[in-house]
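K.L.:
sharing a sequence plus its predicted fold:
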Amino acid sequence: MPQILLLTGFEPFRGERINPSWEIARRLDGEVIGGVQIKSVRVPVGCGKAARRITGAIVRYRPSAVIGLGEAGGRPALSLERVAINLADDRGALGKRGDPGMTPVIRGAPDAYFSRLPLAAILRELDRKDIPASVSLTAGAYACNALMYSALHHLRRRPTVPVGFIHLPYEARQASRHRSLPSLPIAMMENAVRIAIGVTARSLG
Ligand code: PCA
């Protein structure tokens, strides 16, 4: 049995026809990269739903690594998320006016977890391939953060399992709806995700 890398992508949301995260995850489903087999899972958009889906998938597939993907429309480069926080903001209130309604992703759990992906090594490799990427200090407080947080919390006692999250800009096909916002070609982002998976697989030893 090959080791499994669980790769998640979100369904389209906010009126989009596609979500680049799922477009890429579904293309990679079943592939073997660096000796690990990709298992792709599509995730609904919502903090509670995303948290439940990722936890269920981890229980079911017992992955050796977990990489979540999501769309961050407006960002100009791939964002390798460094931190997930225990805060779930389904209504976007935090973004609008810093609403104090603090709903945790998981009640009583720690405030935050750090990514367990080899971020520096992934970034080096993406730089070498001229793919725009940077490390980000916030995955927001919506479904992507909830997914990353839940995965890290669920696997907290298995510290050798790399777990993390990558936000993607809009894909070029989405640019017609968002003419003043940056986007990247899907092939470039797919290549970037393959690189991130390859580097993560190498780190498994
Ligand atoms: N992006 C949203 C949720 C789903 C997605 O692809 C986020 O950044 O939380």
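P.N.:
Received it, and whenever you're ready, just let me know what you need.

K.L.:
would you mind listing what in this protein touches the ligand?
P.N.:
Residues of the chain found near the ligand (Cβ under 6 Å from any ligand atom) are 10, 13, 19, 21, 45, 70-72, 140, 142-144. Glycine gets a C-beta too; all of them are placed from N, C-alpha and C.

K.L.:
need the next SSE after the lowest-mean-pLDDT helix or strand in the chain, C-terminal direction.
P.N.:
Within the chain, confidence by mean pLDDT, DSSP states H and E is lowest for helix 93-97 among all helices and strands, at a mean of 58. As assigned by DSSP states H and E, the chain's next helix or strand after helix 93-97 is strand 112-114.

K.L.:
list the helices and strands that following strand packs on?
P.N.:
strand 83-85, helix 143-154 (3 or more Cβ pairs under 8 Å, 6 or more residues apart in numbering; DSSP states H and E).

K.L.:
can you give me the buried ones in that strand?
P.N.:
Using 16 or more other Cβ atoms under 10 Å as the test for burial, strand 112-114 gives Tyr113.

K.L.:
which one of the residues of the chain next to the ligand sits closest to Arg60?
P.N.:
Closest approach to Arg60 among the residues of the chain next to the ligand (Cβ to Cβ): Phe10, at 18.5 Å.

K.L.:
for that closest one, give me phi and psi.
P.N.:
Listed backbone geometry of Phe10 is phi -100, psi 150, with angles given as degrees, to the nearest 10.

K.L.:
then Pro162?
P.N.:
Torsion angles, degrees, to the nearest 10, at Pro162: phi -70, psi 130.

K.L.:
I'd like the distance between it and Arg179.
P.N.:
Noted for Pro162: a distance of 37 Å to Arg179, by Cβ to Cβ, to the nearest Å.

K.L.:
neighbour count: those two, which is higher?
P.N.:
The neighbour comparison of Pro162 against Arg179 (other Cβ atoms under 10 Å) goes to Pro162, with 21 against 7.

K.L.:
is it true that the more buried one touches Leu119?
P.N.:
No: between Pro162 and Leu119 there is no contact under Cβ atoms under 8 Å: 10.1 Å.

K.L.:
now do the contacts for Leu69.
P.N.:
7-10, 20-22, 24-25, 165-168, 193 (Cβ atoms under 8 Å, 6 or more residues apart in numbering).

K.L.:
distance to Arg124 for those - can I get that in TSV?
P.N.:
TSV is the format used below for the contacts of Leu69 (distance: Cβ to Cβ, whole Å):
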residue	distance to Arg124
Leu7	21
Thr8	24
Gly9	25
Phe10	27
Pro20	23
Ser21	23
Trp22	27
Ile24	21
Ala25	24
Phe165	19
Ile166	15
His167	19
Leu168	19
Val193	16
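
K.L.:
most neighbours, which of those?
P.N.:
Pro20 (31 neighbours).

K.L.:
OK, contacts around that residue?
P.N.:
With Cβ under 8 Å, 6+ apart, Pro20 has these contacts: 69, 71, 168-171, 174, 186, 189.
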